[in-house]
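Peer 1: Prediction below, plus the sequence it came from.
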Amino acid sequence: MPNIVLFSGSSNHDLSQKVAERLGLDLGKVVTKKFSNQETCVEIGESVRGEDVYIVQSGCGEVNDNLMELLIMINACKIASALRVTPVIPCFPYARQDKKDKGFFDIAVDNLYAEPAVLQWIKGNIPEWKNCIIVSPDAGGAKRVTSIADHLNVEFALIHKERKNSEVESMALVGDVKNRIAILLDDLADTCDIVCLAANKLISAGAIKVYAILTHGIFSGPAISRINSSPFEAVVVTNTIPQEDKMKLCPKIQVIDISMILAEAIRRTHNGESVSYLFRHVPM
């Protein structure tokens with residue numbers, strides 16, 4: 001594609017490389033480093049004058065450093081007379097903070113969804129998926145699980161948590177999982193305490209197997225040891241966050257590649273096409 005440059009931040013270079021390959025591009029030359037006082041330095045190694053620039057940087061790892069690196073890269077490209085600069089943020093940082101539902105951005109934003117890739121993974125990796133039930137580990141995920149369940153034409157269930165002093169005191173399952181394959185669905189995996197408790201609840205309620213599909217795999221603190229000790233068949237996350245090191249420690253972790261979704265979003269944005277197609281389809 002002419003007049004387009006794709007840069008990678010330092011947070012997830014492997015994903016950026018996959019996106020570049022799908023677009024038939026080479027990643028743009030950029031050097032990132034730290035000064036002795038720990039300030040971030042970014043040097044753009046090629047001309048971006050008049051170009052449509054895209055920067056892939058995920059909100060993971062050293063989140064604040066990576067966010068600052070992204071902002072400096074955007075500024076460097078704008079100063080170098082780029083026609084347009086678009087950040088591609090596979091895992092959006094600070095999204096868990098309280099905010100209003102609308103009016104959060106004052107620039108054009110496309111929110112991409114992992115749902116089509118999740119549906120594809122379920123059909124391709126769980127042979128008995130027609131006998132599955134989609135489960136939300138809390139009431140807040142009801143909309144998410146009902147959408148997946150509707151597309152698969154299967155039932156869904158919810159887990160209601162009762163807390164005491166911020167700790168989960170009890171869990172109540174709303175729905176029948178007996179003799180079913182239960183698929184827990186959530187937006188991210190952090191310490192994994194709730195999903196592991198939910199997995200035990202589902203097994204005790206008669207589920208044959210339990211899977212978890214969790215869009216962003218943070219896996220902080222004791223998450224890995226909890227998953228290794230859990231009854232999960234697999235814990236599936238996307239590659240919005242690098243998972244190679246975690247997969248070595250936990251064979252239950254599997255990854256869905258979403259580089260094709262990001263690449264197609266970039267192509268469509270560059271060509272002025274609608275991005276809404278990606279809300280229901282996985283590009284090949």
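Peer 2: Perfect, thanks for sending it. Computed from a predicted structure; not experimentally measured.

Peer 1: Look up how far residue 44 lies from the residue located most distally from the centre of the chain.
Peer 2: Centroid-distance maximum for the chain: residue 36 at 33.1 Å, with Cα atoms, centre = their mean. According to Cβ to Cβ, to the nearest Å, residue 36 and residue 44 sit 22 Å apart. (Glycine included, C-beta is placed from N, CA and C.)

Peer 1: ok, the closest residue to residue 138 other than its chain neighbours - contacts?
Peer 2: Excluding the flanking residues, the one nearest residue 138 by Cβ to Cβ, 6 or more residues apart in numbering is residue 161, at 6.0 Å. Residue 161 makes contact with 137, 138, 168, 170, 171, 194, according to Cβ atoms under 8 Å, 6 or more residues apart in numbering.

Peer 1: What are the buried residues along the helix or strand encompassing residue 161?
Peer 2: Taking DSSP states H and E as the definition, one finds residue 161 inside strand 155-164. For strand 155-164, burial by neighbour count (16 or more other Cβ atoms under 10 Å) applies to 156, 157, 158, 159.

Peer 1: go on, stretch 68-79?
Peer 2: Result for stretch 68-79 [16+ other Cβ under 10 Å]: buried residues 69, 70, 72, 73, 74, 76, 77.

Peer 1: Can you name the residues in contact with that stretch?
Peer 2: So stretch 68-79 is in contact with 7, 9-11, 30, 32, 40-44, 48, 53, 55, 57, 85, 87, 89, going by Cβ under 8 Å, 6+ apart.

Peer 1: go again using 7 Å as the cut-off
Peer 2: The contact list for stretch 68-79 (Cβ atoms under 7 Å, 6 or more residues apart in numbering) reads 7, 9-10, 30, 32, 40, 42, 44, 48, 53, 55, 57, 85, 87.

Peer 1: Please apply the same query to stretch 249-260.
Peer 2: 15, 18-19, 22, 114, 117, 121, 217, 224, 227-228, 232, 234-240, 243, 246-247, 282-283.

Peer 1: Highest neighbour count among the contacts of residue 161?
Peer 2: Comparing the contacts of residue 161 on neighbour count, residue 137 comes out first with 24 neighbours (neighbours: other Cβ atoms under 10 Å).

Peer 1: quick one: what helix or strand has the closest residue to that residue other than its chain neighbours in it?
Peer 2: Of all residues beyond its chain neighbours, the one nearest residue 137 is residue 198 (4.4 Å), with distances taken as Cβ to Cβ, 6+ apart. Following DSSP H and E, one finds residue 198 within helix 193-204.

Peer 1: Averaged pLDDT, that helix. What do you get?
Peer 2: Mean pLDDT, helix 193-204: 95.

Peer 1: For the lowest-mean-pLDDT helix or strand in the chain, list the C-alpha coordinates in CSV.
Peer 2: One helix or strand of the chain scores below all others by mean pLDDT, DSSP states H and E: strand 167-174, with a mean of 82. What follows is strand 167-174, C-alpha atoms only, in CSV (Å, rounded to 0.1, in the frame of the first residue of the first chain):
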residue,chain,number,x,y,z
GLU,A,167,-13.6,-10.8,49.3
VAL,A,168,-15.8,-13.3,47.5
GLU,A,169,-17.8,-15.1,50.3
SER,A,170,-20.0,-17.2,48.1
MET,A,171,-20.9,-17.9,44.5
ALA,A,172,-24.4,-18.8,43.1
LEU,A,173,-24.7,-20.3,39.7
VAL,A,174,-27.8,-19.2,37.6
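
Peer 1: what about residue 253, how many residues close to it?
Peer 2: Counted with other Cβ under 10 Å, residues neighbouring residue 253 total 24.
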